[in-house]
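Peer 1: Okay, sequence plus prediction incoming.
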Amino acid sequence: MSSGRLLDDTALAASAVVANNTMNRERGLAGPNSYAKELGFDPYEFLAARQGAQAWLDLCCGSGKALIYAAGRIAAERPEAAVTMVGIDLVDHFMGGPRPPGLELIAASVADWSPRRSFDLITCVHGLHYVGDKLRVLERAASWLVPDGLLVADFDAESVRDVRGRSSARRVASAVRRAGWEYDTRRKRVSCLGPCTLNFEAAYLGADDAAGPNYTGQPAVASYYEWSRQ
Ligand SMILES: C[S@@+](CC[C@H](N)C(=O)[O-])C[C@H]1O[C@@H](n2cnc3c(N)ncnc32)[C@H](O)[C@@H]1O
(Lines give C-alpha, C1' and ligand atoms only; values in the text may rest on other atoms or scores of the structure.)
Protein backbone atom coordinates (compact mmCIF):
# COMPACT_ATOMS: atom_id res chain seq x y z
CA MET A 1 0.00 0.00 0.00
CA SER A 2 1.11 3.59 -0.52
CA SER A 3 2.00 5.52 2.60
CA GLY A 4 -0.82 8.01 1.88
CA ARG A 5 -3.15 9.20 -0.87
CA LEU A 6 -1.78 9.04 -4.39
CA LEU A 7 -0.92 12.38 -5.98
CA ASP A 8 -1.89 13.60 -9.44
CA ASP A 9 0.64 15.49 -11.58
CA THR A 10 -0.36 18.93 -10.27
CA ALA A 11 0.05 17.91 -6.63
CA LEU A 12 3.26 16.05 -7.46
CA ALA A 13 4.83 19.12 -9.09
CA ALA A 14 4.23 21.06 -5.86
CA SER A 15 5.62 18.27 -3.66
CA ALA A 16 8.75 19.04 -1.65
CA VAL A 17 10.37 15.87 -3.04
CA VAL A 18 10.03 17.10 -6.64
CA ALA A 19 10.56 20.83 -6.04
CA ASN A 20 13.58 20.01 -3.83
CA ASN A 21 16.18 22.74 -4.31
CA THR A 22 19.02 20.58 -3.07
CA MET A 23 18.79 17.88 -5.74
CA ASN A 24 21.69 17.67 -8.17
CA ARG A 25 20.70 19.72 -11.23
CA GLU A 26 24.23 20.74 -12.06
CA ARG A 27 25.80 17.79 -13.82
CA GLY A 28 28.15 18.85 -16.57
CA LEU A 29 29.02 16.94 -19.71
CA ALA A 30 32.20 15.19 -18.55
CA GLY A 31 34.14 14.93 -15.29
CA PRO A 32 33.31 13.73 -11.79
CA ASN A 33 29.75 15.18 -11.60
CA SER A 34 28.66 14.57 -15.14
CA TYR A 35 26.44 12.95 -17.73
CA ALA A 36 29.42 10.99 -19.07
CA LYS A 37 29.97 9.49 -15.61
CA GLU A 38 26.30 8.64 -15.06
CA LEU A 39 25.55 7.37 -18.56
CA GLY A 40 28.86 5.60 -19.19
CA PHE A 41 29.46 7.59 -22.40
CA ASP A 42 29.91 11.23 -23.34
CA PRO A 43 26.85 12.52 -25.26
CA TYR A 44 29.05 14.99 -27.15
CA GLU A 45 31.31 12.19 -28.39
CA PHE A 46 28.24 10.10 -29.29
CA LEU A 47 26.85 12.89 -31.48
CA ALA A 48 30.23 13.86 -32.94
CA ALA A 49 30.83 10.28 -34.13
CA ARG A 50 27.64 10.31 -36.22
CA GLN A 51 27.15 11.65 -39.73
CA GLY A 52 24.92 14.55 -40.73
CA ALA A 53 22.63 16.75 -38.65
CA GLN A 54 22.24 15.60 -35.07
CA ALA A 55 19.63 16.19 -32.38
CA TRP A 56 19.82 15.52 -28.63
CA LEU A 57 16.82 15.68 -26.30
CA ASP A 58 17.52 15.73 -22.56
CA LEU A 59 14.46 15.05 -20.40
CA CYS A 60 14.56 16.45 -16.84
CA CYS A 61 17.68 18.41 -17.81
CA GLY A 62 18.05 20.32 -14.54
CA SER A 63 20.13 23.46 -15.05
CA GLY A 64 20.88 22.39 -18.64
CA LYS A 65 24.61 22.62 -17.91
CA ALA A 66 25.54 19.50 -19.93
CA LEU A 67 23.52 20.65 -22.95
CA ILE A 68 24.86 24.21 -22.78
CA TYR A 69 28.42 22.94 -22.65
CA ALA A 70 27.89 20.45 -25.50
CA ALA A 71 26.18 23.06 -27.70
CA GLY A 72 28.96 25.56 -26.97
CA ARG A 73 31.65 23.02 -27.79
CA ILE A 74 30.03 22.10 -31.09
CA ALA A 75 29.61 25.75 -32.03
CA ALA A 76 33.33 26.34 -31.29
CA GLU A 77 34.79 23.17 -32.81
CA ARG A 78 32.39 22.41 -35.65
CA PRO A 79 30.51 25.61 -36.52
CA GLU A 80 29.33 24.01 -39.77
CA ALA A 81 27.55 21.17 -37.91
CA ALA A 82 23.75 21.37 -37.81
CA VAL A 83 22.95 20.36 -34.25
CA THR A 84 19.75 20.70 -32.27
CA MET A 85 19.76 20.33 -28.50
CA VAL A 86 16.59 20.46 -26.45
CA GLY A 87 16.33 20.33 -22.68
CA ILE A 88 13.05 19.96 -20.79
CA ASP A 89 12.64 20.52 -17.08
CA LEU A 90 9.68 21.13 -14.85
CA VAL A 91 11.35 24.09 -13.20
CA ASP A 92 13.15 26.97 -14.83
CA HIS A 93 16.45 26.68 -12.96
CA PHE A 94 18.37 26.90 -16.22
CA MET A 95 21.90 28.28 -16.16
CA GLY A 96 22.16 31.89 -17.20
CA GLY A 97 24.54 33.33 -19.76
CA PRO A 98 24.62 33.26 -23.54
CA ARG A 99 22.87 30.35 -25.24
CA PRO A 100 24.85 28.66 -28.03
CA PRO A 101 23.07 28.28 -31.38
CA GLY A 102 20.80 25.25 -31.76
CA LEU A 103 20.02 25.00 -28.05
CA GLU A 104 16.54 25.28 -26.57
CA LEU A 105 15.74 24.94 -22.86
CA ILE A 106 12.04 24.56 -22.12
CA ALA A 107 10.26 24.70 -18.77
CA ALA A 108 7.59 21.99 -19.09
CA SER A 109 6.65 18.63 -17.65
CA VAL A 110 7.82 15.55 -19.51
CA ALA A 111 4.37 14.16 -18.72
CA ASP A 112 2.69 16.30 -21.36
CA TRP A 113 5.37 17.92 -23.54
CA SER A 114 5.76 16.54 -27.09
CA PRO A 115 8.43 17.36 -29.68
CA ARG A 116 7.85 18.26 -33.31
CA ARG A 117 10.88 16.29 -34.48
CA SER A 118 12.79 13.08 -33.81
CA PHE A 119 16.15 12.75 -32.04
CA ASP A 120 19.42 10.86 -32.41
CA LEU A 121 19.95 10.80 -28.67
CA ILE A 122 17.43 11.00 -25.83
CA THR A 123 18.68 11.03 -22.26
CA CYS A 124 17.06 11.26 -18.85
CA VAL A 125 19.67 11.44 -16.09
CA HIS A 126 18.14 10.83 -12.65
CA GLY A 127 14.91 12.54 -13.68
CA LEU A 128 12.38 9.70 -13.83
CA HIS A 129 12.79 9.20 -10.07
CA TYR A 130 10.61 12.31 -9.62
CA VAL A 131 8.07 11.72 -12.39
CA GLY A 132 4.58 10.29 -11.78
CA ASP A 133 3.76 8.25 -14.87
CA LYS A 134 7.28 7.00 -15.60
CA LEU A 135 6.12 4.18 -17.89
CA ARG A 136 4.21 6.55 -20.17
CA VAL A 137 7.24 8.85 -20.42
CA LEU A 138 9.37 5.91 -21.55
CA GLU A 139 6.72 4.73 -24.03
CA ARG A 140 6.41 8.19 -25.57
CA ALA A 141 10.12 9.04 -25.59
CA ALA A 142 11.07 5.85 -27.41
CA SER A 143 8.77 6.82 -30.28
CA TRP A 144 10.72 10.09 -30.72
CA LEU A 145 13.97 8.37 -31.79
CA VAL A 146 15.36 8.31 -35.32
CA PRO A 147 15.80 4.74 -36.67
CA ASP A 148 19.30 4.28 -35.23
CA GLY A 149 18.89 6.68 -32.32
CA LEU A 150 19.66 5.87 -28.71
CA LEU A 151 17.54 6.42 -25.60
CA VAL A 152 19.16 6.03 -22.19
CA ALA A 153 17.43 6.77 -18.87
CA ASP A 154 18.13 6.15 -15.22
CA PHE A 155 15.13 4.13 -14.15
CA ASP A 156 14.50 2.24 -10.94
CA ALA A 157 11.97 -0.47 -11.78
CA GLU A 158 11.47 -0.95 -8.02
CA SER A 159 9.71 2.42 -7.96
CA VAL A 160 6.85 0.97 -10.02
CA ARG A 161 4.14 -0.48 -7.77
CA ASP A 162 0.88 -2.30 -8.30
CA VAL A 163 -2.51 -1.43 -6.77
CA ARG A 164 -1.55 -3.11 -3.53
CA GLY A 165 1.79 -1.34 -3.29
CA ARG A 166 3.86 -4.37 -4.27
CA SER A 167 6.92 -3.92 -6.45
CA SER A 168 6.27 -4.40 -10.18
CA ALA A 169 10.01 -4.46 -10.94
CA ARG A 170 10.09 -7.95 -12.43
CA ARG A 171 7.02 -7.33 -14.58
CA VAL A 172 8.45 -4.02 -15.82
CA ALA A 173 11.88 -5.49 -16.56
CA SER A 174 10.40 -8.36 -18.56
CA ALA A 175 8.08 -6.04 -20.55
CA VAL A 176 11.08 -3.85 -21.36
CA ARG A 177 13.21 -6.78 -22.48
CA ARG A 178 10.37 -8.38 -24.49
CA ALA A 179 10.11 -5.12 -26.45
CA GLY A 180 13.82 -5.33 -27.32
CA TRP A 181 15.03 -2.77 -24.80
CA GLU A 182 17.78 -3.35 -22.29
CA TYR A 183 17.30 -2.99 -18.55
CA ASP A 184 20.50 -2.99 -16.53
CA THR A 185 19.34 -4.18 -13.11
CA ARG A 186 22.60 -3.28 -11.39
CA ARG A 187 22.93 0.24 -12.76
CA LYS A 188 19.15 0.73 -12.87
CA ARG A 189 19.28 2.05 -16.37
CA VAL A 190 17.02 1.45 -19.35
CA SER A 191 18.08 1.85 -22.97
CA CYS A 192 16.85 1.20 -26.46
CA LEU A 193 18.21 1.64 -29.95
CA GLY A 194 15.94 2.98 -32.68
CA PRO A 195 12.27 3.76 -32.26
CA CYS A 196 10.89 0.90 -30.21
CA THR A 197 7.27 0.25 -29.52
CA LEU A 198 6.63 -0.31 -25.88
CA ASN A 199 3.28 -0.86 -24.25
CA PHE A 200 3.24 -1.74 -20.60
CA GLU A 201 -0.53 -2.32 -20.60
CA ALA A 202 -0.83 -0.61 -17.27
CA ALA A 203 -3.19 2.14 -16.15
CA TYR A 204 -1.48 4.87 -14.12
CA LEU A 205 -3.11 5.49 -10.74
CA GLY A 206 -0.95 8.20 -9.18
CA ALA A 207 2.27 8.89 -7.34
CA ASP A 208 3.50 8.53 -3.79
CA ASP A 209 6.01 11.21 -2.79
CA ALA A 210 6.45 9.68 0.66
CA ALA A 211 8.03 6.47 -0.64
CA GLY A 212 11.39 7.42 0.90
CA PRO A 213 14.89 7.30 -0.55
CA ASN A 214 15.62 5.13 -3.57
CA TYR A 215 18.97 3.59 -4.56
CA THR A 216 20.49 7.06 -5.01
CA GLY A 217 19.90 7.81 -1.32
CA GLN A 218 17.57 10.71 -2.23
CA PRO A 219 13.81 10.74 -1.52
CA ALA A 220 12.05 9.62 -4.71
CA VAL A 221 8.56 9.10 -6.07
CA ALA A 222 6.88 5.71 -6.34
CA SER A 223 4.43 5.29 -9.23
CA TYR A 224 1.29 3.17 -8.95
CA TYR A 225 -0.31 1.20 -11.79
CA GLU A 226 -3.13 -1.21 -12.35
CA TRP A 227 -1.90 -3.90 -14.71
CA SER A 228 -4.29 -5.18 -17.39
CA ARG A 229 -3.12 -8.73 -16.78
CA GLN A 230 -2.79 -9.54 -13.07
C1 LIG B 1 18.15 15.05 -9.87
S2 LIG B 1 17.68 16.29 -11.01
C3 LIG B 1 18.68 15.83 -12.43
C4 LIG B 1 18.90 16.99 -13.37
C5 LIG B 1 19.87 16.75 -14.52
N6 LIG B 1 19.42 15.65 -15.34
C7 LIG B 1 21.26 16.49 -13.99
O8 LIG B 1 21.64 15.31 -13.92
O9 LIG B 1 21.97 17.46 -13.64
C10 LIG B 1 16.04 15.81 -11.53
C11 LIG B 1 15.35 16.84 -12.38
O12 LIG B 1 14.08 16.33 -12.80
C13 LIG B 1 13.20 17.43 -12.91
N14 LIG B 1 11.82 16.94 -13.00
C15 LIG B 1 11.09 16.31 -12.05
N16 LIG B 1 9.86 16.02 -12.49
C17 LIG B 1 9.81 16.46 -13.79
C18 LIG B 1 8.80 16.45 -14.80
N19 LIG B 1 7.59 15.93 -14.58
N20 LIG B 1 9.09 16.99 -15.99
C21 LIG B 1 10.31 17.55 -16.23
N22 LIG B 1 11.30 17.58 -15.31
C23 LIG B 1 11.06 17.04 -14.11
C24 LIG B 1 13.52 18.25 -11.66
O25 LIG B 1 13.04 19.57 -11.73
C26 LIG B 1 15.05 18.15 -11.65
O27 LIG B 1 15.64 19.23 -12.33
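Peer 2: Yep, that arrived.
Peer 1: Which residue does this protein have closest to the ligand?
Peer 2: Nearest residue of the chain to the ligand, counting by CB to the nearest ligand atom: Gly62, 2.7 Å away. Quick note: C-beta positions are derived from backbone N, CA and C, even for glycine.
Peer 1: Identify the residue nearest that residue in space, chain neighbours excluded?
Peer 2: In space, and not counting its chain neighbours, Gly62 is closest to Arg25: 3.1 Å by CB to CB, 6 or more residues apart in numbering.
Peer 1: Based on its surroundings, how many neighbours for that neighbour?
Peer 2: By other CB atoms under 10 Å, 20 other residues sit near Arg25.
Peer 1: how much space between it and Thr197?
Peer 2: From Arg25 over to Thr197 the distance is 32 Å, taken as CB to CB, to the nearest Å.
Peer 1: Surely Leu67 and Cys61 touch.
Peer 2: Yes - between Leu67 and Cys61 there is a contact under CB atoms under 8 Å: 6.0 Å.
Peer 1: need the contact list for the residue nearest to Val146 when sequence neighbours are not counted.
Peer 2: Sequence neighbours aside, Ser118 is the residue nearest to Val146 in space, at 4.8 Å (criterion: CB to CB, 6+ apart). Ser118 makes contact with 55, 144-146, 149, 195, according to CB atoms under 8 Å, 6 or more residues apart in numbering.
Peer 1: what do you get for Leu12?
Peer 2: 18, 132, 207, 209, 221.
Peer 1: Are we agreed that Val18 is in a helix?
Peer 2: Yes - counting by DSSP: H, G, I helix; E, B strand; the rest coil, one finds Val18 located in a helix.
Peer 1: burial of it, as a residue count?
Peer 2: For Val18, the count of nearby residues is 23 (other CB under 10 Å).
Peer 1: was I right about it contacting Asp209?
Peer 2: Yes - the pair Val18 and Asp209 passes the contact test of CB under 8 Å, sitting 6.9 Å apart.
Peer 1: before we move on, the earlier item: quick one: which helix or strand includes the residue of the chain closest to the ligand?
Peer 2: Assigned by DSSP states H and E, Gly62 belongs to no helix or strand.
Peer 1: Over to His126?
Peer 2: Per DSSP H and E: His126 is located in neither a helix nor a strand.
Peer 1: Distance of the residue nearest to Gly206 when sequence neighbours are not counted relative to Glu226?
Peer 2: Nearest residue to Gly206, sequence neighbours excluded (CB to CB, 6+ apart): Leu6, at 2.7 Å. Noted for Leu6: a distance of 11 Å to Glu226, by CB to CB.
Peer 1: same deal with Glu182?
Peer 2: In this view, Glu182 and Glu226 are 26 Å apart by CB to CB.
Peer 1: Then Val160?
Peer 2: In terms of CB to CB, Val160 sits 12 Å off from Glu226.
Peer 1: Counting neighbours, go ahead and name the busier of these two.
Peer 2: Higher neighbour count among Val160 and Glu226: Val160, with 22 against 11, using other CB under 10 Å.
Peer 1: Double-check the more buried one against Arg136; I have them as touching.
Peer 2: No - using CB under 8 Å, Val160 is not in contact with Arg136, being 11.5 Å away.
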